[in-house]
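J.: here is my input; please provide its structure:
(chains A, B, C and D)
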Protein chains: 2
Amino acid sequence: MSRKPTSFDIAQLAGVSQPTVSRALSGSNTVSEQTRKRIEAIAQQLNYTVDKNASSLRKRETNTLALLFYEDPTPDETGINPFFLSMLGSIVRTCSLRGYDLLISMQHMASNWHVEFEESRKADGIILLGHGDFEPYRAKLDQLMEQGTHFVRWGHVNERSLGTVIGCDNFRGGYDATQHLISHGRRRIVFLGHASEHYPEFFDRYRGFCEAQRSAGIKVVETRQADAIITEQSGHDVVNALMARGVKFDAIFAASDMIAIGAMRALSDHGLDVPNDIAIVGFDDLPAASMTSPPLTTIQQDFSKAGEMLVDALIRQIRNEDTKTTALPAKLIVRKSCGAH
Amino acid sequence: MSRKPTSFDIAQLAGVSQPTVSRALSGSNTVSEQTRKRIEAIAQQLNYTVDKNASSLRKRETNTLALLFYEDPTPDETGINPFFLSMLGSIVRTCSLRGYDLLISMQHMASNWHVEFEESRKADGIILLGHGDFEPYRAKLDQLMEQGTHFVRWGHVNERSLGTVIGCDNFRGGYDATQHLISHGRRRIVFLGHASEHYPEFFDRYRGFCEAQRSAGIKVVETRQADAIITEQSGHDVVNALMARGVKFDAIFAASDMIAIGAMRALSDHGLDVPNDIAIVGFDDLPAASMTSPPLTTIQQDFSKAGEMLVDALIRQIRNEDTKTTALPAKLIVRKSCGAH
DNA sequence: CAGAAACCCACATACGTATTCAGACATTCT
DNA sequence: AGAATGTCTGAATACGTATGTGGGTTTCTG
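T.: Below you'll find the predicted structure:
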């Protein structure tokens, strides 16, 4: 017999009916210990595995979670946002520990994954990475809510967030980073990163940045903020632009490590020393942060915890248990780029 | 009707039978243009999606590929090998372009995924990352072959490789890197990385390293090789060990960028300048390579191409077309760590 | 106008599992 | 001993789709 064995095959060999095989292997207690042993032995010997599709069809659940990246519309960049990549490991691991399979997909705005994944019963729920709750994402999130699709997302934590969100305490992180620079004597700090509603997480970091300065009696100057997105190149360019504009500063708080790394390269090109001339603090604690020279002081996001919480929250939601939007603490990691000691 | 619509629902509304709906939506030409339009309109309106499980069950194919990482047995390291992460993006994208879903799993040696994935019809084929064809992997690969499971893997390319392998021309890469250092006047080059059968890719790079030296009339000295695995810490430690042993060298060829980055940190700790005191060339061209200071000269592996080839080879195999084991070219990327200008 | 061909479509069925229901048998109770 | 209880198992069926087969209508051909 070369085809894949079915529960009928096992049943025949064990001299029982197919339903009994199904019950025995799914751990039902309505089957005698003796026959169960026999069935298990035969199943093992034939390398029998439950057919996932038939099982899912019958049970109406797939035991699979879907992970959806939002693909940035930069056709030349082939990579995934390094920040999300860092979270991937713990998501994969947690799914595995919880007995779920993980389906991964990268989507662009045009596609309508929101009807695809749960509707076609590929997955029991969806984890969203990179989908904010402002336009043009908002409409899609609304539709997910309406459909009753189970989903959680990583993002900006807010009182009126749509659905369940796991995020980071960005305000506090921004505050702590800035406070740290101030406490080491820096007074003219620039913020590198967008500061608008369309980048709600960066915006919170920026607000923390402003608040820390106010607390220290430093006047917040608008010219000390410059838009940047989460790429090394962007960080590099924005520093050059600042210097071209003649902005004076003695420290940088970058809204992401990628930006910080690009900034360090630009400073190096200008012959400036980090941290003596310019101190830098980043955000995220990407793997790359500890590899720069000098190593980057940064605000750590706990990726491992984040992935675990996303998966667990989604599973709770699938089981119709209550879930709550949560902000994880942000933690200052002092290395050398900030000039402490 | 709150439950998910089925093809029967569509059929009823369109006044046709269920099979006609199935044929209309799957683009069969045995259904009239007129009824097809009608059916499509209704399907669209109801947000109808083909049930993946029922379809897969009936068609006996899942339209899904599985990606299996081998998890290094370091329980504290929560991350995935950065090298594989770099490939992930293009694998995800290529799957999407080819119309396949991607199932991701991280496995440890103990588990027997080899019967799980294709046998339980979760996927039509498997992409393996991090599975060499030496023990203890070999037994599992043998079993996959025997089962007739479709799989491809990234790894060491060899005449007698088991199954279809996509890899990199490691020998040539090692040769070119070393040759480059020699051509810039370096004579005492150390190789950082394992040089044994258990690390076949590193071993090929090492053989290229040796060959380049012989071609240049430099005597290959065994003390100028030191074992290291693909982590930053390992690179750091091994350089310290070399210096403690009093080994003299003026250049480093690291078998991976991670090792190179760790090595640079160690050199910096010792007050040595890169590239003036010690020139360095890495391997892989990880994203981090361009962010170090000085930026790392390295041998580039084309991750984008690699992911694409893995996916395409697997799909060909699933379609019973012939596939061939392939080595991709390795390309020297000159930055600043090697001291060329 | 008869017969052939072409075209559409419905009927029946299979994919492999999980669950409901009821029956068989053994055991215990009165 | 007869009834009641409990334990285990089999028969029947549903999940939603895809496909082989055959029937009915229309169009074409001679």
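J.: please make it C-alpha for all contacts and neighbour counts, starting now.
T.: Noted.
J.: ok, the residue of the stretch 101-250 of chain A at minimum distance from DNA strand C - contacts?
T.: Evaluated by Cα to the nearest atom of the strand, the stretch 101-250 of chain A has residue A:121 as its residue closest to DNA strand C, separated by 14.1 Å. Residue A:121 sits next to A:61-62, B:51-53 when contact means Cα atoms under 8 Å, 6 or more residues apart in numbering or on different chains.
J.: and residue A:334, how far from residue A:314?
T.: Applying Cα to Cα, to the nearest Å, the value for residue A:334 to residue A:314 is 33 Å.
J.: so which bits of the stretch 101-250 of chain A are right by DNA strand D?
T.: Proximity of the stretch 101-250 of chain A to DNA strand D, by Cα under 7 Å from any atom of the strand, involves no residues.
J.: who in the stretch 101-250 of chain A is up against chain B?
T.: A:101-106, A:115-116, A:119-122 (Cα under 8 Å from any Cα of the partner chain).
J.: strands - which of those land there?
T.: Filtering these for membership in strands, criterion DSSP state E, returns A:101-106.
J.: closest one of the residues you listed to residue B:39?
T.: residue A:105 (28.6 Å; Cα to Cα).
J.: contacts only, for the closest residue in space to that closest one that isn't next to it in sequence.
T.: Using Cα to Cα, 6 or more residues apart in numbering or on different chains and skipping the chain neighbours, the partner closest in space to residue A:105 is residue A:68 (5.1 Å). By Cα under 8 Å, 6+ apart, the residues touching residue A:68 are A:104-107, A:126-129.
J.: top of those by neighbour count?
T.: Ranked by the number of neighbours (other Cα atoms under 10 Å in any protein chain shown), the contacts of residue A:68 place residue A:126 first, at 27 neighbours.
J.: which stretches of the stretch 1-150 of chain A aren't confidently modelled?
T.: A:1-2, A:71-79, A:109-110, A:115 (pLDDT under 70).
J.: who in it is up against DNA strand C?
T.: Within reach of DNA strand C by Cα under 7 Å from any atom of the strand, the stretch 1-150 of chain A has these residues: A:4, A:6-8, A:18-20, A:22-23, A:26, A:49-52, A:54-55, A:57-59.
J.: only the buried subset of these, as a PyMOL command please.
T.: Selection of buried members from these for PyMOL, criterion 16 or more other Cα atoms under 10 Å in any protein chain shown:
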select buried, chain A and resi 6+7+8+18+20+22+49+50+51+52+54+55+57
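J.: can you tell me which of the residues of the stretch 1-150 of chain A next to DNA strand C are in helices?
T.: If you go by DSSP state H, those have A:7-8, A:18-20, A:22-23, A:52, A:54-55, A:57-59 in helices.
J.: rebuild the residues you listed as TSV, extending it with distance to residue A:178.
T.: Output for those, formatted as TSV (distance: Cα to Cα, whole Å):
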residue	distance to residue A:178
A:7	63
A:8	67
A:18	66
A:19	65
A:20	65
A:22	61
A:23	60
A:52	52
A:54	56
A:55	54
A:57	54
A:58	56
A:59	53
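J.: closest one of those to residue B:205?
T.: The closest of those, once distances to residue B:205 are taken by Cα to Cα, is residue A:52, at 42.3 Å.
J.: for the closest one, give me its contacts.
T.: Contact analysis of residue A:52 by Cα under 8 Å, 6+ apart lists A:62, B:120-122.
J.: does residue A:186 really touch residue A:251, like I thought?
T.: Yes: Residue A:186 is in contact with residue A:251 according to Cα atoms under 8 Å; the separation is 6.3 Å.
J.: list residues touching both of the two?
T.: residue A:279.
J.: between those two, who's got more neighbours?
T.: Between residue A:186 and residue A:251, counted using other Cα under 10 Å, residue A:251 has the larger neighbour count: 27 against 19.
J.: who's in contact with that one?
T.: A:181, A:186-190, A:278-280.
J.: so where do the strands sit in the stretch 1-150 of chain A?
T.: Ranges of strands within the stretch 1-150 of chain A are A:64-70, A:101-107, A:125-129, based on DSSP state E, counting those that start in this stretch.
J.: same list (those) but as JSON lines, adding distance to residue A:153.
T.: Listed next are those as JSON lines, based on distance: least, Cα to Cα, whole Å:
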{"stretch": "strand A:64-70", "distance to residue A:153": "9"}
{"stretch": "strand A:101-107", "distance to residue A:153": "14"}
{"stretch": "strand A:125-129", "distance to residue A:153": "4"}
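J.: nearest to residue B:208, out of those?
T.: Closest to residue B:208 of the strands of the stretch 1-150 of chain A, according to Cα to Cα: strand A:101-107, at 37.4 Å.
J.: list the neighbouring strands of that closest one plus their orientation.
T.: Strands adjacent to strand A:101-107 in the sheet, as given by DSSP bridges, are strand A:64-70 (parallel), strand B:101-107 (antiparallel).
J.: export the ones you listed as a markdown table, with columns for distance to residue B:298.
T.: Converted to a markdown table, these look like this (distance: least, Cα to Cα, whole Å):
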| stretch | distance to residue B:298 |
| --- | --- |
| strand A:64-70 | 30 |
| strand B:101-107 | 29 |
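J.: check the spacing between residue A:340 and residue A:179 real quick.
T.: To residue A:179, residue A:340 is 12 Å away according to Cα to Cα.
J.: more neighbours: which of the two?
T.: residue A:179 (19 against 15).
J.: helix or strand for that one, which one?
T.: Here residue A:179, judged by DSSP states H and E, is contained in helix A:170-183.
J.: next SSE downstream of that helix?
T.: Next helix or strand after helix A:170-183 toward the C-terminus (DSSP H and E): strand A:189-192.
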